[in-house]
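Enquirer: Predicted coordinates and the sequence they were generated for:
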Amino acid sequence: MPPSGAPHVSVHCLALVERLRALGREVIMPRYMTAVRERKADGSLLTEVDVAAQEWLEESLREIIDRPVLGEEMTAERQRQVWSQGGDGIWIIDPIDGTTNLVNGIPFFGTSVAFYRDARPQFACVYNPATDEAFYAENGRGAYLNGMRLPLRVPHNSLADCVAGVDFKRVPKSLADRLATRPPYYSQRNFGSSAIEWCFVAAGRLDLYLHGGQMLWDYAAGRLILAEAGGFMCSPEHDDFDAADPWRRAVIGAAHPSAFKAWVEWLRASS
């Protein structure tokens with residue numbers, strides 16, 4: 001059954017949502033808490049689920065739009081080759097974002113997929129099969145969670161009232177220490193999946209976001225979902241998020257414009 005938000009997005013976006021639900025049923029959840037973890041060369045985790053999900057997506061997404069796929073689980077050389085071919089459209093995928101959570105049975109992980117054209121996201125979906133939550137958006141058509149328009153609540157406008165998503169291990173130690181001991185916000189959370197955290201800001205579950213370094217596939221879908229939900233983002237060095245290096249970007253985000261302005265000013269003054 002299509003989500004109740006179906007009339008607001010294209011058939012391509014709806015097809016993506018349904019494909020990710022199928023991936024969750026057929027590939028991911030049958031291996032939930034049973035996948036054996038290994039280490040990649042960079043030290044990050046890899047499981048058979050990551051590989052199986054990427055292979056499934058590479059075949060399935062071409063049935064929606066037949067364009068190249070840029071995935072986390074391929075060589076850096078191949079990733080850059082596909083990115084350079086993206087003028088007419090490419091898929092950017094993270095088959096499992098939050099692999100540690102999946103392996104340990106923590107229900108905060110998801111598959112992140114975005115369709116890009118001319119280096120800009122056109123439509124995207126982040127799907128968590130453990131909770132059956134599909135966050136999706138299309139350029140100019142809004143953002144949704146299982147058909148409900150995002151955000152789900154009015155976000156806080158005062159920095160002191162905000163709940164922040166912060167990945168402490170990826171920000172400079174001096175800044176992390178200050179955030180831990182003298183934070184400007186009300187409370188802090190970290191869920192171990194950047195794709196899900198982007199969506200939580202879009203939904204209003206988090207008011208603020210800070211991450212010290214994300215790869216292209218980490219933010220490709222989430223940044224569109226947050227923007228279409230009315231949220232804001234930049235990098236520490238650039239007000240224009242897209243002025244930063246596409247292959248690795250630090251992220252400052254917020255759901256409300258007043259909180260965003262105060263958050264950016266505080267972080268830049270504290271760095």
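Expert: The structure has been received and is ready for your questions. Residues are numbered from 1 along each chain as shown.

Enquirer: Helices of the stretch 151-271 of the chain, residue ranges please.
Expert: Using DSSP state H, counting those that start in this stretch, the helices of the stretch 151-271 of the chain run over 173-181, 194-203, 216-219, 222-228, 257-270.

Enquirer: what sits up against the first one?
Expert: When you say that, I think you mean helix 173-181. Helix 173-181 has contacts (CB atoms under 8 Å, 6 or more residues apart in numbering) with Val166, Phe168, Lys169, Val171, Gln188, Leu210, Leu267, Ser270, Ser271. No exception for glycine: its C-beta is placed from N, CA and C like everyone else's.

Enquirer: Pull the number of nearby residues for the nearest residue to the fourth one once chain neighbours are set aside.
Expert: Ranked by CB to CB, 6 or more residues apart in numbering and with sequence neighbours excluded, the top spatial neighbour of Val171 is Gly212, at 4.1 Å. When neighbours are defined as other CB atoms under 10 Å, Gly212 has 18 of them.

Enquirer: Would you agree Gly212 is in contact with Ser194?
Expert: No: using CB atoms under 8 Å, Gly212 is not in contact with Ser194, being 10.7 Å away.

Enquirer: Name the residues contacting each of those two.
Expert: Joint contacts of Gly212 and Ser194 (CB under 8 Å, 6+ apart) are Asp167.

Enquirer: returning to what we had before: of the contacts of helix 173-181, which is the most crowded?
Expert: Result: Leu210 is most packed of these (other CB under 10 Å), 26 neighbours.

Enquirer: ok, now how distant is the residue nearest to that one when sequence neighbours are not counted from Val113?
Expert: Distances taken as CB to CB, 6+ apart put Val166 closest to Leu210, at 4.8 Å, once the chain neighbours are dropped. As judged by CB to CB, to the nearest Å, Val166 and Val113 stand 25 Å apart.

Enquirer: ok, now Tyr209?
Expert: Taking CB to CB, one finds Tyr209 at 20 Å from Val113.
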